[in-house]
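# Sequence isn't available, so here's the structure alone:
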């Protein structure tokens with residue numbers, strides 16, 4: 001195998017994205033506070049918690065949010081991550097049980113969780129009990145709807161994994177738009193405002209949120225592909241899906257995804273020009289919300305390289321060179 005085939009080229013898809021990197025000034029304080037609170041649950045080893053801490057992602061995603069909403073975002077990321085950790089190797093039935101207990105917890109945040117239940121239920125309950133103290137009623141409704149859809153999709157993903165099911169690009173994207181968790185994350189952008197349903201569900205607003213979600217998917221699946229292929233978990237990844245359906249090699253699939261990304265960027269920018277006016281006072285809120293969802297792809301990309309989840313300590317180096325050394329396949333243990 002030559003040197004070139006041992007490297008994965010990661011194009012700089014965000015080079016022309018108009019929303020620059022920014023980080024919330026409450027980052028360090030909230031990171032320490034939420035980290036200490038989460039450690040009390042003893043849900044993960046200290047090493048796992050530190051390696052996959054997403055407080056920086058939250059601070060990058062909501063650079064202008066008040067402190068209480070940054071905390072809500074950090075706690076939401078903990079729920080996302082814990083659910084992923086607990087279900088990644090589970091079958092559909094076990095994953096459904098976990099999703100159901102989280103759905104019950106967020107719909108009944110004042111209810112004491114059953115003794116002996118998975119700690120995920122209590123973590124989700126406390127997260128949402130705190131969130132509803134400062135979140136607008138409209139954002140609460142939107143969160144419950146989108147987060148429930150996310151949880152149901154995680155169960156479908158587990159069934160796919162259990163059955164070895166490979167999806168087409170279109171079917172994969174339909175599911176991935178839910179499992180990526182972008183839409184419930186977007187609702188934090190509106191927690192300080194009353195965004196009416198006629199705006200939240202307006203076709204152009206929905207289209208813009210969808211474009212942002214797909215941008216996040218493409219960038220996430222590019223940077224996570226190497227780690228996933230090494231672990232043999234690449235079935236739920238756009239790059240491997242494109243390789244299979246389009247008959248492309250790895251580099252060709254990444255180029256195809258980068259081209260798709262560029263088209264989505266244009267659709268988003270063009271879509272902003274089509275956003276209707278609801279009056280000056282409301283338009284200010286709509287712009288704030290749309291800036292929030294537009295910032296998410298930038299935040300996700302920055303965090304991918306600044307953190308250690310995908311590249312260990314070499315993220316900033318790989319961000320400069322755009323070259324990620326291909327990881328060897330992990331040895332499979334005999335059944």
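In hand now; what should we look at? These numbers were taken from a predicted model, which means no experiment stands behind them. Numbers count the residues shown, from 1 in each chain.

# does residue 127 really touch residue 79, like I thought?
Yes. Between residue 127 and residue 79 there is a contact under CB atoms under 8 Å: 5.7 Å. For glycine as for every other residue, the C-beta is placed from the backbone atoms N, C-alpha and C.

# Show me which positions of stretch 132-150 end up buried.
Counting neighbours by 16 or more other CB atoms under 10 Å, one finds that the buried residues in stretch 132-150 are 132, 135-136, 138-140, 142-144, 146-148, 150.

# pLDDT averaged over whichever strand or helix holds residue 304 - what is it?
Per DSSP states H and E: residue 304 is located in helix 280-306. What helix 280-306 shows for mean pLDDT is 97.

# how close does the residue nearest to residue 122 when sequence neighbours are not counted sit to residue 69?
Leaving aside its chain neighbours, residue 122 sits nearest to residue 113 (4.8 Å; criterion: CB to CB, 6 or more residues apart in numbering). Between residue 113 and residue 69 the computed distance is 25 Å (CB to CB, to the nearest Å).

# Between those two, tell me which one has more neighbours.
More crowded of residue 113 and residue 69, by other CB atoms under 10 Å: residue 69, with 24 against 19.

# Let me know whether that one touches residue 190 as I believe.
No. Using CB under 8 Å, residue 69 makes no contact with residue 190, being 10.0 Å away.

# which helix of this protein spans the most residues?
Ordering each helix of the chain by length in residues (DSSP state H) puts helix 203-231 first.

# in the next helix or strand after that one, what counts as buried?
Per DSSP H and E, helix 203-231 leads on to helix 238-246 as the next helix or strand towards the C-terminus. Buried residues in helix 238-246, counted by 16+ other CB under 10 Å: 238-244.

# neighbouring contacts of helix 238-246?
Helix 238-246 has contacts (CB atoms under 8 Å, 6 or more residues apart in numbering) with 166-169, 172-173, 176, 217-218, 221-222, 225, 228-229, 234-235, 248-250, 252-254, 256-257.

# at 10 Å what do you get?
Here helix 238-246 makes contact (CB atoms under 10 Å, 6 or more residues apart in numbering) with 8, 166-173, 176, 214, 217-218, 220-222, 224-226, 228-229, 233-235, 237, 248-257, 260.

# quick check: mean pLDDT across it?
When pLDDT is averaged over helix 238-246, the result is 97.

# tell me how far that helix is from the chain's mean position?
Once both centres are worked out by CA atoms, centre = their mean, to the nearest Å, helix 238-246 turns out to sit 21 Å from its chain's centre.

# right, and the helix or strand after it?
helix 250-272.

# Is it possible to get a markdown table of the buried residues of helix 238-246 that adds distance to residue 55?
Conversion of these to a markdown table gives the following (distance: CB to CB, whole Å):
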| residue | distance to residue 55 |
| --- | --- |
| 238 | 27 |
| 239 | 28 |
| 240 | 30 |
| 241 | 31 |
| 242 | 32 |
| 243 | 34 |
| 244 | 36 |
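
# hang on, the earlier thing: please enumerate the shared neighbours of residue 127 and residue 79.
102, 105-106.

# Of those, grab the buried ones for ChimeraX.
Those of these that count as buried under 16+ other CB under 10 Å are selected in ChimeraX with:
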select :102,105,106
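
# Let me have the shared contacts of residue 127 and residue 79 in CSV, extended by distance to residue 75, pLDDT and secondary structure.
What follows is these, written out as CSV (distance: CB to CB, whole Å; pLDDT from 0 to 100; DSSP: H, G, I helix; E, B strand; the rest coil):
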residue, distance to residue 75, pLDDT, secondary structure
102, 13, 97, helix
105, 13, 97, helix
106, 12, 97, helix
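
# hang on, the earlier thing: now do the same for the residue nearest to residue 122: helix, strand or coil?
coil (DSSP: H, G, I helix; E, B strand; the rest coil).

# Same check on the one 10 residues further on?
On the three-state scheme (three-state DSSP), residue 123 is labelled helix.

# How about residue 324?
strand.

# For the stretch 1-150 of the chain, which segments count as strands?
Using DSSP state E, counting those that start in this stretch, the strands of the stretch 1-150 of the chain run over residues 7-9.

# so residue 38 sits right up against residue 75, yeah?
Yes. With contact defined as CB atoms under 10 Å, residue 38 counts as touching residue 75 (7.9 Å).

# Which neighbours do those two have in common?
Common neighbours of residue 38 and residue 75, counting by CB under 10 Å, 6+ apart, are 55, 123.

# The two: who's more crowded?
A direct count of neighbours by other CB under 10 Å for residue 38 and residue 75 places residue 75 higher, at 23 against 20.

# Skipping adjacent residues, who's closest to the more buried one in space?
Using CB to CB, 6+ apart, the nearest residue to residue 75 is residue 127, at 4.2 Å.

# The one you found: neighbouring residues, count only.
Other residues close to residue 127 by other CB under 10 Å number 23.

# Check residue 305 too.
17.

# roughly how far apart are it and residue 190?
As for residue 305, its distance to residue 190 is 28 Å (criterion: CB to CB).
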